[in-house]
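Trainee: From the sequence below, what's the structure:
(chains A and B)
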Amino acid sequence: MKTSLRKLALLCAAAALAVIPTAACSNDDSDASSSGSKTLEIAYWNYGPAAESGNKATADAFMAAHPGTTVTLTPVTGENWGTYYANVATLIASGKHPDLMVISGEGAQFVHANNLVLPINKYLDKDADAKTLTGDIAKGLIDGFTVKGDIVTLTWGWNDMVVYYNTAVFSKAGVEPPRPDWTWADFEATAKKLTKDTNGDGKNDQYGFTWASNEIFPGIMPWVANAGGNLTSDDVCSATADTPQVNKAVSFLENLIKEGVSPAPMPMSDVFTRFQNGQIAMFGAGRWPIATFLPKFKDFDIQLYPKGDTYKTVFGGAGYPILKSSKNPDLAWEYQKFTVSTDIQKQYVGTPEKPGDSIPSRRSLAQTISKVGVPPANSDLFYDSIDKYPTLVPYPAPAKYSAFESTVLRHLQLIFAGEKSVADGLKDMQGELSSIVTC
Amino acid sequence: MKETEVPPALRRGAPRRRRKDGLAALGFLSPAIVTFLVFVLAPTAGVLYLSFYDWNLLSDGTFVGLDNFDHLVHDDRLLGVYGSTAYMALVILAVNVVFGLLLAVLLETRMPRWLRGIFRLSYLFPFVVSAAAVALIWRFLLNKDLGLVNYVLGLAGLDRIDWLGSSAFAPVSVIVVNSWKTIGFSILVYIAGLQAIPGELKEAAVVDGAGPWTRFWRITFPMLSPTIFFLIVINTINSFQIFAEPRVLTQGGPGDASRTIVEYLYDRAFGDFDLGYASAIGITFMLVLIVLTAIQFRLSRRWTFYE
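Mentor: Model (predicted):
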């Protein structure tokens, strides 16, 4: 298909299929990056004010450190990473050519499979500064962005899955805070103690634990990993959703609902609210809830997920890969490197009033979180979880991640609603995933 | 010269005037024509074009002929999604057309002006609020274990209902939330229709001894039939295209129980990056709506009354 025709078709189709404000449907190639001057255009996921202010602060600092350079930020909307990628793809197809785009670990396969990114291996080999910086970054965070030997990007921030617990609810119920070596049985017993009918109407209105129904990362993945399973093979080329390990994890969660220890699953944003008002005693997430909780809500701490047949830290990072279409790849590399510089990493540490919403990728900076007094008290656990414990590698993120995740979630809905048995639900899930997870 | 003949001077001026009137009409119509061409016809042509291609937004598209349309026939989920869409759309349509009329008639009965204002505002307000915001609030209210709706049902001694998580009730929740949001528009249009009915017709019927029921069926309903027909057409199209409510409330689930075609199409396009197949779904869905609308127009001749 001729490019101009494709663009014309896209112009028309984008208007009809979806309303994506960020998709500038034009053939305008006169953007900043094409001028050959010291300009950079960066696309990022605008999930909220924190994303806007964080990206602006980094861009402003980069321009101050590199006089004469202009950085243009392009905020891209999206209800999750998957739709953000789709919207960036629409942006690119409509003629925009960002030099860098923010991606998460789930997007590494996607951008690599679509030949969008310039691997940074050669920069890492010849840049002395980079060697120093990467020495301060956990190996897992480099591996998480390596696809077929190509390092897609440096990671500026990341999240591991930990259990958040409401310290006030624990204290009121006379329950001891969880220990790092707790097991699934300990977890279940703790959750049961925290499940209560607080208003005396004969029905529970405070629950021990819940998980996000709209994402698998903070949803089932920590349980699947700790049961010793994964949703894809190690090469992320085939689905493994109907294994005994996955069955064990999903059955455990289903049983929590059946026993009334967990409410019907709800989206993550609802979990945040229910957790803060004490209706949910524990839930799982990365570091990002802290930006929502603080500075008003401080009655929380974190612990590792309980150990099942094994323990593995489930984590994912984010970075600014250089796009192949960049007119200034060397400058783009400088920007990427700048995002892991000390000053910028300090922003991700944050302050008790304005904490970062990810864990800084550099160990030396991440370990200052507790020192500067950013809650929770157990913050050192964030980096320890990747340094001191085995990790789930690879994270199951096939190139068609959005289709993969939505398929998994759709089948889980039926299982957790009690409309399909775990075995039947996972069998159907596996059948459908077999055509989505391919190489 | 006969009285009926047009004066020669006027005859000579007629074509010029017609041309002038035509140009004026075109001038007035041009914004609508341009808008239609740019935002309706051109996108539709673009979608039709894409439906013959395999394209993921980033790669070069490949012409695949009718493969995407062939895929429609072999898609295991599509028929189910059409079924859930039709179920929700038809109930929403019925609620809007029937309850909307009932509420509009009630609002037109005698009551203090301030009370009428409060009622009208209450019904219309949800219509002007963002569908996503409405759905977010309802999601909180309808939560099975922590929502206000089940708490109130519990006070009445009833069991908790899984409004958002069960295949039986998830579509019902979408219907309730969408109807709650959209019925204000139907009421507004009905009220305008009711107020346009000449008062002397009703007065004459009263003089003739017709009761309220007879007056409604013999006067109000026939006079309101063009309004009812308009609302049936508009609500059919709108209710088949709902997206935000199932997306926010239930994510289309469980399974596909509350998924709509528009949501399914969106996921194929911007989840699977299968623009060609999504376009094929869009084209066939448009044809379904055109056929439905054509049937409605055809049938309307039997029951609509125009003065």
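Trainee: Around chain A, pick out the residues from the stretch 201-307 of chain B.
Mentor: Applying Cβ under 8 Å from any Cβ of the partner chain, we find that the stretch 201-307 of chain B lies next to chain A at B:251-256, B:265-267, B:269-273, B:275, B:278-279, B:282. (C-beta placed from N, C-alpha, C; glycine too.)
Trainee: can you give me the strands for the stretch 51-200 of chain B?
Mentor: Secondary structure of the stretch 51-200 of chain B (DSSP state E, counting those that start in this stretch): strands at B:53-54, B:62-63.
Trainee: Kindly reformat these as a markdown table containing mean neighbour count and mean pLDDT.
Mentor: Output for the strands of the stretch 51-200 of chain B, formatted as a markdown table (neighbours: other Cβ atoms under 10 Å in any protein chain shown; pLDDT from 0 to 100):
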| stretch | mean neighbour count | mean pLDDT |
| --- | --- | --- |
| strand B:53-54 | 20 | 96 |
| strand B:62-63 | 12 | 94 |
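Trainee: can I get the ones you listed in JSON lines with distance to A:T391?
Mentor: As requested, the strands of the stretch 51-200 of chain B are exported to JSON lines (distance: least, Cβ to Cβ, whole Å):
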{"stretch": "strand B:53-54", "distance to A:T391": "37"}
{"stretch": "strand B:62-63", "distance to A:T391": "39"}
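Trainee: Adding distance to chain A, write those out as JSON lines.
Mentor: JSON lines is the format used below for the strands of the stretch 51-200 of chain B (distance: least, Cβ to the nearest Cβ, whole Å):
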{"stretch": "strand B:53-54", "distance to chain A": "6"}
{"stretch": "strand B:62-63", "distance to chain A": "7"}
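Trainee: Tell me which of the ones you listed approaches A:P306 most closely.
Mentor: Set against A:P306 and scored by Cβ to Cβ, the strands of the stretch 51-200 of chain B come closest in strand B:53-54, at 45.6 Å.
Trainee: The helix or strand hosting A:F252 and chain B in contact?
Mentor: Using DSSP states H and E, A:F252 sits in helix A:244-258. No. Helix A:244-258 is not in contact with chain B by Cβ under 8 Å from any Cβ; minimum separation 9.3 Å.
Trainee: Which residues of the stretch 301-439 of chain A lie near chain B?
Mentor: Counting by Cβ under 8 Å from any Cβ, the stretch 301-439 of chain A sits next to chain B at A:K400, A:S402, A:A403, A:S406, A:L409, A:R410, A:H411, A:Q413, A:L414, A:F416, A:A417, A:E419.
Trainee: Identify the residue spatially nearest to the third one, adjacent ones excluded.
Mentor: Right, the one you point to is A:A403. Using Cβ to Cβ, 6 or more residues apart in numbering or on different chains and skipping the chain neighbours, the partner closest in space to A:A403 is B:D272 (4.5 Å).
Trainee: hang on, that neighbour packs against A:S402?
Mentor: Yes. Taking contacts as Cβ atoms under 8 Å, B:D272 lies within contact range of A:S402: 7.2 Å.
Trainee: Neighbour count: these two, which is higher?
Mentor: Neighbours per residue, other Cβ atoms under 10 Å in any protein chain shown: of B:D272 and A:S402, the larger number sits with A:S402, 25 against 20.
Trainee: doesn't the more buried one fall inside a helix?
Mentor: Yes. Under DSSP: H, G, I helix; E, B strand; the rest coil, A:S402 falls within a helix.
Trainee: residues in contact with it?
Mentor: Applying Cβ atoms under 8 Å, 6 or more residues apart in numbering or on different chains to A:S402 gives the contacts A:N80, A:W81, A:G82, A:T83, A:Y85, A:A86, B:F270, B:G271, B:D272, B:F273.
Trainee: if you set the cut-off to 7 Å instead, what comes out?
Mentor: A:G82, A:Y85, A:A86, B:G271 (Cβ atoms under 7 Å, 6 or more residues apart in numbering or on different chains).
Trainee: which of these has the most neighbours?
Mentor: A:Y85 (29 neighbours).
Trainee: The helix or strand it falls within and chain B in contact?
Mentor: A:Y85 belongs to helix A:81-93 when assigned by DSSP H and E. Yes. Judged by Cβ under 7 Å from any Cβ of the partner chain, helix A:81-93 and chain B are in contact via A:G82, A:T83, A:A86, A:A89, A:T90, A:I92, A:A93.
Trainee: ok, and the closest non-adjacent residue to the first one?
Mentor: Meaning A:G82. Nearest one to A:G82, counting by Cβ to Cβ, 6+ apart, is A:S402 at 3.0 Å.
Trainee: again, but for the fourth one
Mentor: By the measure of Cβ to Cβ, 6+ apart, the closest residue to A:A89 outside its immediate chain neighbours is B:L57, 4.0 Å from it.
Trainee: Please apply the same query to the second one.
Mentor: Across the structure, with Cβ to Cβ, 6+ apart as the measure, the residue nearest A:T83 apart from its sequence neighbours is B:F270 (6.0 Å).
Trainee: got a pLDDT number for the one you found?
Mentor: If you check B:F270, the pLDDT there is 86.
Trainee: ditto for A:T310
Mentor: Listed pLDDT for A:T310 reads 96.
Trainee: Ok, the one 10 residues further on next?
Mentor: Looking at A:Y320, its pLDDT stands at 96.
Trainee: What does the residue lying closest to it once chain neighbours are set aside show for phi and psi?
Mentor: Residue nearest to A:Y320 in three dimensions, not counting chain neighbours: A:L100, with 4.3 Å by Cβ to Cβ, 6+ apart. When read as degrees, to the nearest 10, the backbone of A:L100 gives phi -140, psi 150.
Trainee: partner residues bridging A:L100?
Mentor: Counting by DSSP bridges, A:L100 is bridged to A:I42, A:I322.
Trainee: pretty sure it is touching A:Y44, no?
Mentor: No. The criterion here is Cβ atoms under 7 Å, and A:L100 misses it with A:Y44 at 8.7 Å.
Trainee: who has more neighbours, those two?
Mentor: A:L100 (28 against 25).
Trainee: check contacts around that one.
Mentor: With Cβ under 7 Å, 6+ apart, A:L100 has these contacts: A:L40, A:I42, A:Y320, A:P321, A:I322, A:L323, A:A332, A:Y335, A:Q336.
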